[in-house]
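*Asks:* Provided below for reference: sequence and predicted model.
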Amino acid sequence: MVKICCIGAGYVGGPTMAVIALKCPSIEVAVVDISVSRITAWNSDQLPIYEPGLDGVVKQCRGKNLFFSTDVEKHVSEADIVFVSVNTPTKTRGLGAGKAADLTYWESAARMIADVSKSNKIVVEKSTVPVKTAEAIEKILTHNSKGIQFQILSNPEFLAEGTAIQDLFNPDRVLIGGRETPEGEKAIQALKDVYAQWVPEDRILTTNLWSAELSKLAANAFLAQRISSVNAMSALCEATGANVTQVSYAVGKDSRIGPKFLNSSVGFGGSCFQKDILNLVYICECNGLPEVAEYWKQVIKINDYQKNRFVNRVVASMFNTVSNKKIAILGFAFKKDTGDTRETPAIDVCKGLLGDKARLSIYDPQVTEDQIQRDLTMDKFTWDHPIHLQPMSPTTVKQVTVVWDAYEATKDAHGICILTEWDEFKALDFKRIYDKMQKPAFVFDGRNVVDADKLRDIGFIVYSIGKPLDPWLKDMPAVA
Ligand SMILES: NC(=O)C1=CN([C@@H]2O[C@H](COP(=O)(O)OP(=O)(O)OC[C@H]3O[C@@H](n4cnc5c(N)ncnc54)[C@H](O)[C@@H]3O)[C@@H](O)[C@H]2O)C=CC1
Ligand SMILES: O=C(O)[C@H]1O[C@H](OP(=O)(O)OP(=O)(O)OC[C@H]2O[C@@H](n3ccc(=O)[nH]c3=O)[C@H](O)[C@@H]2O)[C@H](O)[C@@H](O)[C@@H]1O
């Protein structure tokens, strides 16, 4: 029986391995992590991450051919294929701080693999890493190998949170990069055989190592660039009276452009887009390509601009001050159908409003108060380090309350900011909400989820990203 071990039981390691176990009953899959609480949760009824469909997959395989364990060394030493899916956050200190990928966790995993291995292994990069990381990993493994053969493969993951199970069941492509040697090709084939149990052969792409590593960074950069492009257009729409939804639709009808990923928003979030673009920028700079670096930096600059623009719009509309006003924040996760808040635009928007002394009442159906308080007090980039290395008892932000109901959050509020596109926000009784709010009552829709005309009929002043402005908002000071 082939044995797979995956180091890192996070958003990628957990769902990916659960699906491999489900689709390949003849393979034994162990997912290991240094975080005891995460592994305990994986072995319980309350999984550590919220992902539609994940519970069912885990329940079908756990204890049969899927195991979660903290006994990292045992499972690594027994495995034929070791996936490494640990954090690769942005460096916070030293050379390349604020841009380069921090490979501390990756390197320590590689050294441990070399230490405990007693048989030949295929080591698979599942984490997103800078191009050429495989070379460094290869050196660490071979210099410590005691005669054992390691083959390094790059097999980046393209799943998106909230749709992870669907994406894993039916991926657009699986990418496997390896050495162009007979041993490398054999290793590629071994991994291909795993995926081929459910993914059609023509969707399994094989490349050299560097192309696979770079394709992952490139794919995320292209995706984020689309959002920054449409968000840049949203500012121009507001200035001209065009409607960004209509513009996106018209643009996306061109089959060369396509309709997906063109929703204007308060900004993209998530653990990867910004991190991976910063990483790409750093690699370009290190390779003497400042113009290319500058090009990709703009994607992040526009994203920051969009979040600032939203905050400025809120403050400017409410008579240029939100000091001591209650603002309801609906949605804190970086997108719907996940409880993940890493790099969510809600953090920047909330911090911006708190900077203007607002009082915030936050509601998100999947995010806990502890997480929100942590996020609003944590330093930049700390969020992507393993949870046990993050500050344990963050100081709480006093002007923030977290409630478990949208009606409670909006009671007595002067304004509502919708920051995540949860479906339930579309079905709220806005008349009931309006009646309990201070007047004039504002809605700032950062996701274009509510029917602005209906809300205006109720009496709200409504701002929707990239849509023609309310007369009220037009008369307010210009925002930038
Ligand atoms: N979150 C996502 O949707 C996607 C993430 N990725 C990439 O996958 C990688 C992992 O991301 P996530 O799963 O989101 O991170 P995560 O933070 O959810 O999980 C990483 C896990 O690795 C564990 N870990 C760290 N060092 C370890 C070690 N030496 N031994 C054992 N366990 C260790 C941590 O405790 C943590 O539980 C990153 O490189 C990310 O860029 C790629 C595609 C999608
Ligand atoms: O490497 C990764 O981590 C993953 O990053 C993204 O996945 P994810 O961040 O989970 O979610 P997305 O659906 O891409 O959304 C990212 C952000 O962009 C925003 N977004 C997305 C689409 C859109 O049209 N507009 C928009 O503002 C979302 O609200 C969210 O804040 C990619 O879509 C995945 O392919 C990739 O594997």
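*Replies:* That came in fine, so what should we check first? Numbering: from 1, shown residues only. Ligands and ions are numbered 1, 2, ... in the order given.
*Asks:* Skip the chain neighbours and tell me the closest residue to the closest residue to ligand 1 within the chain.
*Replies:* When scored by Cβ to the nearest ligand atom, the chain has residue 10 as its residue closest to ligand 1, at 1.9 Å. C-betas here are computed from N, CA, C, even on glycine. Excluding its sequence neighbours, the residue lying closest to residue 10 (Cβ to Cβ, 6 or more residues apart in numbering) is residue 85, at 6.6 Å.
*Asks:* So for the least confident helix or strand in the chain by mean pLDDT, what gets flagged as buried?
*Replies:* Across the helices and strands of the chain, the lowest-confidence element by mean pLDDT, DSSP states H and E is helix 471-474, at a mean of 82. Neighbour-count burial for helix 471-474 flags residue 473 (criterion: 16 or more other Cβ atoms under 10 Å).
*Asks:* Get me the contact residues on the stretch 151-300 of the chain for ligand 2.
*Replies:* Contact residues (Cβ under 6 Å from any ligand atom) of the stretch 151-300 of the chain with ligand 2: 157-161, 220, 223, 227, 261-263, 265, 268-273.
*Asks:* among these, which are within reach of ligand 1?
*Replies:* Among these, ligand 1 is touched by 157, 159, 161, 271-272 when using Cβ under 6 Å from any ligand atom.
*Asks:* Now intersect those with the helices, please.
*Replies:* Taking DSSP state H, every one of those sits outside helices.
*Asks:* Which among those residues count as buried?
*Replies:* Buried members of those, scored by 16+ other Cβ under 10 Å, are 157, 159, 161, 271-272.
*Asks:* With distance to residue 73 and pLDDT added, can I get these in JSON lines?
*Replies:* Listed next are these as JSON lines, based on distance: Cβ to Cβ, whole Å; pLDDT from 0 to 100:
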{"residue": "157", "distance to residue 73": "24", "pLDDT": "98"}
{"residue": "159", "distance to residue 73": "28", "pLDDT": "98"}
{"residue": "161", "distance to residue 73": "30", "pLDDT": "94"}
{"residue": "271", "distance to residue 73": "27", "pLDDT": "92"}
{"residue": "272", "distance to residue 73": "29", "pLDDT": "94"}
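*Asks:* all strands for the stretch 151-300 of the chain, in order.
*Replies:* Secondary structure of the stretch 151-300 of the chain (DSSP state E, counting those that start in this stretch): strands at 174-178, 204-208.
*Asks:* Return the residues of the chain in contact with ligand 1.
*Replies:* With Cβ under 6 Å from any ligand atom as the criterion, the chain meets ligand 1 at residues 7-13, 33-35, 38, 72, 85-88, 105, 108-109, 127-128, 157, 159, 161, 271-272, 386.
*Asks:* returning to what we had before: which residues are in contact with the residue nearest to residue 10?
*Replies:* 6-8, 10, 12-13, 16, 126-127, 157 (Cβ atoms under 8 Å, 6 or more residues apart in numbering).
*Asks:* mind listing what's buried in stretch 446-465?
*Replies:* In terms of neighbour count (16+ other Cβ under 10 Å), stretch 446-465 has its buried residues at 446-450, 452, 455, 460-465.
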